[in-house]
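>>> I'd like to go over a predicted model; first the sequence, then the structure.
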4 protein chains.
Amino acid sequence: VAYYDRLNDDAQGILGYVSEFRQDFHRHPELSWCEFRTTAVLCRELEKLGFDVSWGKALWGDLKPHNLPPAEQLEESYRQALQALGDDDPYLADMRGGYTGLVAQLMCSENGPRQAFRFDIDALPVTESDACSHLPHEAGFSSTAEGKMHACGHDGHMATGLGLARIISERREELKGQFTLFFQPAEEVAGGGVHFAKLPQLQDVQRFYSVHLGIVDRPVLVCDATWIAGSVFDVVMKGRSAHAGNNPEFGRNALLAACQAVTGLYGIARHSDGVSRVNVGGMSSDNANNVIADEARFCFEVRGASNEIRNYMEARARQMVEGAAAMQEVDVIISPRTRFENHPNHAHLARWIKEQAIDFGLQLEEVQDAYQVPASEDATFMTRVVNDQGGQGCHLVFGCPVKGGHHNPTFDIPDHLVAWGSSFYFHLAKEFSMEVNIKTDPSL
Amino acid sequence: VAYYDRLNDDAQGILGYVSEFRQDFHRHPELSWCEFRTTAVLCRELEKLGFDVSWGKALWGDLKPHNLPPAEQLEESYRQALQALGDDDPYLADMRGGYTGLVAQLMCSENGPRQAFRFDIDALPVTESDACSHLPHEAGFSSTAEGKMHACGHDGHMATGLGLARIISERREELKGQFTLFFQPAEEVAGGGVHFAKLPQLQDVQRFYSVHLGIVDRPVLVCDATWIAGSVFDVVMKGRSAHAGNNPEFGRNALLAACQAVTGLYGIARHSDGVSRVNVGGMSSDNANNVIADEARFCFEVRGASNEIRNYMEARARQMVEGAAAMQEVDVIISPRTRFENHPNHAHLARWIKEQAIDFGLQLEEVQDAYQVPASEDATFMTRVVNDQGGQGCHLVFGCPVKGGHHNPTFDIPDHLVAWGSSFYFHLAKEFSMEVNIKTDPSL
Amino acid sequence: VAYYDRLNDDAQGILGYVSEFRQDFHRHPELSWCEFRTTAVLCRELEKLGFDVSWGKALWGDLKPHNLPPAEQLEESYRQALQALGDDDPYLADMRGGYTGLVAQLMCSENGPRQAFRFDIDALPVTESDACSHLPHEAGFSSTAEGKMHACGHDGHMATGLGLARIISERREELKGQFTLFFQPAEEVAGGGVHFAKLPQLQDVQRFYSVHLGIVDRPVLVCDATWIAGSVFDVVMKGRSAHAGNNPEFGRNALLAACQAVTGLYGIARHSDGVSRVNVGGMSSDNANNVIADEARFCFEVRGASNEIRNYMEARARQMVEGAAAMQEVDVIISPRTRFENHPNHAHLARWIKEQAIDFGLQLEEVQDAYQVPASEDATFMTRVVNDQGGQGCHLVFGCPVKGGHHNPTFDIPDHLVAWGSSFYFHLAKEFSMEVNIKTDPSL
Amino acid sequence: VAYYDRLNDDAQGILGYVSEFRQDFHRHPELSWCEFRTTAVLCRELEKLGFDVSWGKALWGDLKPHNLPPAEQLEESYRQALQALGDDDPYLADMRGGYTGLVAQLMCSENGPRQAFRFDIDALPVTESDACSHLPHEAGFSSTAEGKMHACGHDGHMATGLGLARIISERREELKGQFTLFFQPAEEVAGGGVHFAKLPQLQDVQRFYSVHLGIVDRPVLVCDATWIAGSVFDVVMKGRSAHAGNNPEFGRNALLAACQAVTGLYGIARHSDGVSRVNVGGMSSDNANNVIADEARFCFEVRGASNEIRNYMEARARQMVEGAAAMQEVDVIISPRTRFENHPNHAHLARWIKEQAIDFGLQLEEVQDAYQVPASEDATFMTRVVNDQGGQGCHLVFGCPVKGGHHNPTFDIPDHLVAWGSSFYFHLAKEFSMEVNIKTDPSL
């Protein structure tokens, strides 16, 4: 029996609730910065649970989202949300243009610590499987949005957040202090976390938790999950076209330069201090067969176990691309698209979580201390702020076998894990709330 | 004064006529296999001039066009032609599906030789210039079809053919034998020439002429223009995708294979027997930045001064592509798209044309014997048939300064050249008609 | 104060002795399989200390060394050893042809366990620094052999072995069982360890220790040092030469194929299960500037944290090289040169060593449990045999700051570390000897 | 019967003489700038024939040879020449250090034009074939110098020069004016021609002939042979070494940069104005398999039908090499080694030679007007000087079937061709001598 199949009363109590919301979100996936319906549904439910909710431009203030999709796509998504929820939906109006996501807060009657939890809410451009072995398909809650899918479990993250909100709401009398839930947009494009890290609601937070479901492909709780640093760059090479038969010497071959850059990129010497990665994402060049290419485009990403390794990879990658451009005498523009940071969790908090997990009923072999996920997360921007201001932030993984793998058309996770997660989060919240009380911290 | 500015009476007489048609064709460019309106306009005019015209499926018989554009594009073009000429146009119905082009024949009262002329009729996917220095724009006969343009002079070729038809029609009493005009579609994709070479109307032809306007960028008639051989191939590489961060070792990188193939292709050792060329046309691979590419597509062309050199380049190119695929353990499919052949003109005819040019008033320095155009032509398929069956075929260039270069948005050629061309072609036709007569060839 | 600067009486007693031998070995470096003088010096001293020594063909039996240097070089080295030690040296004769290395054994009066220690003895083709900051140069014991140097500390390894032998010899009355010292040749070419693993003296060994000095660049004892797997391959590409001006198409360019293979090799997708490496060692192609290269040679190595990762890298590397050859239609021969295995230490022994180290006076922070050295070692072949036959083998690192780095012209290590190492090894030997006694193991 | 098998009396008379010398030269090949024995033998014979001979430092004056071989090689060759001819040879002393080659002049009694002929004298680093089908081997006049061979026919060139000298000497009474024979060293490294073009003996020369035997592989005289331009460059790339396992990120890989440069070089877009070529000559990098290469060396050549095309190739090649270095952040030094120029022959002289050839008995089909040899020649430096100063220079080819091809171990040419060449050169010399006389040119 997996740890998340051993549900306590809290979890049992919300299982139906979180399952319903998770399936609703799964049916209506929205891409990064287009989470209009998603945000509105969350706002409505959290207000119903008694939380103070901030959203839209009131939440965003002077901040502006970046890495937005093309304006038409943004508008079309917004239009679809209006269609789904009605033109008079009280939440949507303020989100137009990509101001998605929300912050929900609840203050208990007694003073106490400020604790915060972060959940990401966007879906992926993946077409969901219709295989009979794919549970969401068979159970009838597959994506209804062509070419979009919650294939990374953010539907489960949101449901975990709602489950937690509901338990907090129901048992608020046992708690002290303030609870803040961040429902952050655009994690997949390293967009939302950068901005949410600047929100005033993050100030003075003493405990900050973020989580990812799945990941390790086996039933184990990771108390100290870190993420590798990464950067994505867009490259445009511009040469000069020429007729490949009549006067090839006149051309400056942007496609050949791009190809040489690609072979160079994959050959960057790896760093001995830890994992490094490089990959080229797509390529396009539209010249006819008898024309020397005057333009080629591609993007590439580099990753590193630490920010330093990532920076090393970045610097070498730029040299590769610029050198290849120089070989063919073409111009090159390298534009940063996104950057993910590696940031350590607060060591004390990670250890405390482990103790709590054991206390909560997990076996020692169901708990893993440290694990570096070979992927990236923008929650690290928020963790850094909390740790830097003297609080304690930590990223967890509620691990489980992952059907199909993340970002795959057959990705799926169990509802039990969601309910278990809400109840475990509540356990952490309550324990810290009590612990601080006992210590009668004068600063609270 | 350029040779084509010295117009004889024939040329003067048709100058307005050919100019009007050339401008009409220029306004209404149609891409390869979509020359529906163009073919209908030509049919109507040639029937008016008294020619017997064959078109559509009646002309094509068992032959089927190849290298067709996507079916929707073909249908859309057809629909536009219907819109332009009316649903009841008597010519269009039979062309649906790409059966464009026509053959027009006229038999004189007296027996005589069979002479044939070939004109190509398709336009290019080029957006015409709206610079004030671009005469078609300033004179108001620019392309009205967005993104399409007669940027290779085929509008002039057709007008030359109509001018010739009109003179023949008007002076048919002075002529003997049969005159066949081939208006061939889809030259730009090496499509039409392959099929027209199989038409029964080409059998027993004793003289076969094809021509290109422009090319040499100076006022000179090339009597013996040959074209280099070429082939175009489509390549698809199929590997295996994998998350570039989590398990790159699982991937088989089709994009990297494609890039290595490209760098290999450009490095093929050149042939010492004559010109060779290689070029890569476009590339596309759609993977996300964090996914190892499972597919990449590109096309490439090779050319050679002779078929043998082209074949050498083909063989080496295949090795490059297959070897690069093997390097990355990806599958590869190399599909031939088009092939142009190099074929010599009939030497006697080329010399005879030169004599006639002098006789027609050209200075020795206005005539060039041999020139190999560093490009390709599918008229060579027809020339080969004629020469092989004992006739005499030759490709000419009516050379002139070429504004902007072929396939360029500012390409333009003078109307005088068109009228001159019609009159010179008539001169050749009449001279041979007379010459054979004099010799009282019993075989005619 | 570094741990190795806290010398016990044993270490103090042999400090001068090991220092003298280490300096002698440092002055007279000999390359792999050419350790004639070195072996003879060791034999003489170990016999003097009362050990039974086996060497030369008597030791090698049916085994034959591989990866030998060219025959002339082997002979020249042998000749120099004869010159140094005299034609009548009793040890040299039996080593001719590369049968270097020795095994020294001492049986105590009382029965007891069989314990073995392995030391490697070959030097490197490095020219020693004559910088004034380089201690061996300033202290006057630099290499006297042009272009050769003990730049990896094997001189220290041998001195450690002699120091251990001397303490054992002096205190043999306190010991039980049998002590076997393997002085193994040709570690740098993964030659000696492969063969020494097959020696009968390794059978029934219960404890097997091997060690490397330096490595971690700080004063710390590594109790459980593992080494990554690796393989080295020689590649010959054979094409066809041709005059690069007259008939390049006739050539098949082996150098271009080699260059494409090299760019491919560095771009192999890295393995997510652990460290992987690839490098190309040297390249040579001798064609004149106007000749297309008919031959190119290079070697490459791949490494992996595990044998599986190394095998993955090997398989992909072969594909790269073979695919690149196919691109240029050249033949290729890939010949394995050497292979290093990754093999785990015996976990119980590693823990026991840690306890002994603490017992011996090291602080907890001076001891490190596990460390995977990002390099390779052929002692793993011997460890595997011991572990497989039920004994316990472990590789240690006596870590220290390493001046200049391994394989560098300014490499140096402190004499204190050598003396400390001898005394620590003696401690391990004696403790196990006693421990087994106490347990009155009936099998001994 | 080949044209050169129809020998006139002059040719018959010298056949044995030229054959003997050609075989002697063939037996004793000397590499560029090492033609000590060769020069001495020529000096002695030409003085015997009554010519004034200049050689050694007296000839070279302030000029200094370049592209010399290593000093030891030069000295060793000189020593061998001393051994062959005796320490007291009157010619050798003045040549030491590479001052080889000579100029022989003969003034006729009557005033007349200044005519000059140039012959190159160096051999190649090729090991001669000992196949029984290789005539020099079977006839017993193979190279006696290991690894050196007259594999380009310069032995025949020298013999042609001596044959001409002998006929001139014997029939000097029939001639007018001055005859200058340049025996130029170091053609193979584009060394000698550069310097000989500056010799005062070239001033005021009215007719200048240079010739190559063989080349076209059929019996035909080429009256107007031009050579393509070319350049050779040496490249050194310097990076930074690092242990490929321990810290690859520290390295800057010079070998990888070199390989990327090579793949780039072969892919330079070819020039549409005429033949272009590129080739990489050899590569060396000496790093061990576990060391990232800190240095790599290679050389490359580019060629072009014209100097402009060659210059284009040079510029692009530099970009390729510099860009590839930038990709790997390594330093690069590109050093020009040699440069060959393309220079047109004097058109009038070429036509005159054709007339003389017909007059001399050749059939029209045995004469070819223009041919561009796809290789390079440093006689063009001298031709340029003559043409620029108002004289007439021309390069001829005495074509014949070439056994084995130029620079091949089985290269051979017929002795008849040498004798015929001497007699034809004499014919040209005498005719011009007479012609000028007839015209009573006042300037002479």
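Sure thing, it's come through.

>>> got the confidence number for the residue of the stretch 51-200 of chain A found nearest chain C?
The minimum distance from the stretch 51-200 of chain A to chain C, using Cβ to the nearest Cβ, falls at A:Cys152 (18.5 Å). For the C-beta atoms, the positions are set from N, CA and C on the backbone; glycine is no exception. pLDDT for A:Cys152: 93.

>>> quick one: it is in a helix?
No: applying DSSP: H, G, I helix; E, B strand; the rest coil, one finds A:Cys152 to be coil, outside a helix.

>>> can you classify the residue lying closest to it once chain neighbours are set aside as helix, strand or coil?
Spatial nearest neighbour of A:Cys152, excluding adjacent residues (Cβ to Cβ, 6 or more residues apart in numbering or on different chains): A:His406 at 5.4 Å. Three-state call for A:His406 (three-state DSSP): coil.

>>> which residues does A:His406 contact?
Contacts for A:His406 (Cβ atoms under 8 Å, 6 or more residues apart in numbering or on different chains) come out as A:Ala151, A:Cys152, A:Gly153, A:Gly214, A:Ile215, A:Ala375, B:His243.

>>> and A:Val103, what does it touch?
A:Val53, A:Ser54, A:Trp55, A:Leu59, A:Thr180, A:Leu181, A:Phe182, A:Phe183, A:Leu199, A:Gln201.

>>> how near is it to A:Thr39?
11 Å (Cβ to Cβ, to the nearest Å).

>>> okay, and the common contacts of those two?
A:Trp55, A:Phe183.

>>> which SSE is A:Arg337 in?
Taking DSSP states H and E as the criterion, A:Arg337 maps to strand A:331-340.

>>> so which of the contacts of A:Val103 are in strands?
With strands taken from DSSP state E, the overlap with the contacts of A:Val103 comprises A:Val53, A:Ser54, A:Trp55, A:Thr180, A:Leu181, A:Phe182, A:Phe183.

>>> determine which two of those are furthest apart.
A:Trp55 and A:Thr180 (13.8 Å; Cβ to Cβ).

>>> any stretches of chain A with poor pLDDT?
In the predicted model, chain A carries pLDDT under 70 at residues A:437-444.

>>> do that again at 80, thanks
Chain A contains residues with pLDDT under 80 at A:404, A:436-444.

>>> near chain C, which residues of it show up?
Counting by Cβ under 8 Å from any Cβ of the partner chain, chain A comes close to chain C at A:Thr263, A:Gly264, A:Tyr266, A:Gly267, A:Ala269, A:Arg270, A:Ser272, A:Ser276, A:Arg277, A:Pro374.

>>> among those, which ones lie close to chain D?
A:Thr263, A:Gly264, A:Gly267, A:Ala269, A:Arg270, A:Ser272.

>>> top of those residues by neighbour count?
Neighbour counts for those peak at A:Gly264, which has 28 neighbours (criterion: other Cβ atoms under 10 Å in any protein chain shown).

>>> contacting residues for that one?
A:Gly264 sits in contact with A:Met320, A:Val321, A:Gly323, A:Ala324, C:Thr263, D:Gln260, D:Met327, where contact means Cβ under 8 Å, 6+ apart.

>>> restricted to strands, list the residues of chain A next to chain C.
A:Ser276, A:Arg277.

>>> and the residues of chain A next to chain C as CSV, adding distance to C:Thr144?
Listed next are the residues of chain A next to chain C as CSV, based on distance: Cβ to Cβ, whole Å:
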residue, distance to C:Thr144
A:Thr263, 47
A:Gly264, 45
A:Tyr266, 46
A:Gly267, 41
A:Ala269, 36
A:Arg270, 39
A:Ser272, 34
A:Ser276, 43
A:Arg277, 48
A:Pro374, 51
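
>>> could you tell me which residues of the stretch 251-400 of chain A lie near chain B?
So far as Cβ under 8 Å from any Cβ goes, the stretch 251-400 of chain A lies against chain B at A:253, A:255-256, A:258-260, A:262-263, A:266, A:277-293, A:296, A:299-301, A:303, A:337, A:374-376.
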